[in-house]
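Q: following is a predicted model, sequence given first.
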Amino acid sequence: MSDARTPAQIEADIVRRRDQLAETLDEIGVRVHPKTVIGDAKAKVASTVDRTAGRAFVAVNRTVFDVRAQFVREDGAPRLERLVPVAVVVVGLVGLLTLSARRRRG
């Protein structure tokens, strides 16, 4: 058997490869186009922001849940043995800040 190709087969191969090369060059052109590069960068930044915001939300949510668990029982009733001392400290701090502000003015 002969591996020789006809001129028509060679020409068909050339046309096919030229079309493939043109397609590849078009793809490269789209990839390096400024709008594509900017769009890809924007998508990457948006993804990073979404991921960071999601992590922050989870962390804050977990912290709020943990703090709430310190002051509220599982049945939803307040834990007065913990709330009353905290309320006393807060009222004391507000009172001290108020006195300090009045002394500065007066």
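A: Yep, that arrived.
Q: elements contacting the helix ranked longest in the chain?
A: Using DSSP state H to define each element, the chain has its longest helix at helix 34-71. Contacts defined by 3 or more Cβ pairs under 8 Å, 6 or more residues apart in numbering; DSSP states H and E place helix 34-71 against helix 80-105. In short, each C-beta sits where N, CA and C put it, glycine included.
Q: roughly how far out does the helix it packs on sit from the chain middle?
A: 39 Å (Cα atoms, centre = their mean, to the nearest Å).
Q: where does the protein dip in pLDDT?
A: Where the chain drops to pLDDT under 70, the residues are 1-2, 106.
Q: 80 instead?
A: 1-3, 106 (pLDDT under 80).
Q: in a helix, that's where Gly76 is, yeah?
A: No: read with DSSP: H, G, I helix; E, B strand; the rest coil, Gly76 is coil and lies in no helix.
Q: phi first, then psi, for it.
A: Note on Gly76: backbone dihedrals following degrees, to the nearest 10 are phi 100, psi -10.
Q: mind checking how far it is from Pro85?
A: Look at Gly76 and Pro85: by Cβ to Cβ, to the nearest Å, they are 21 Å apart.
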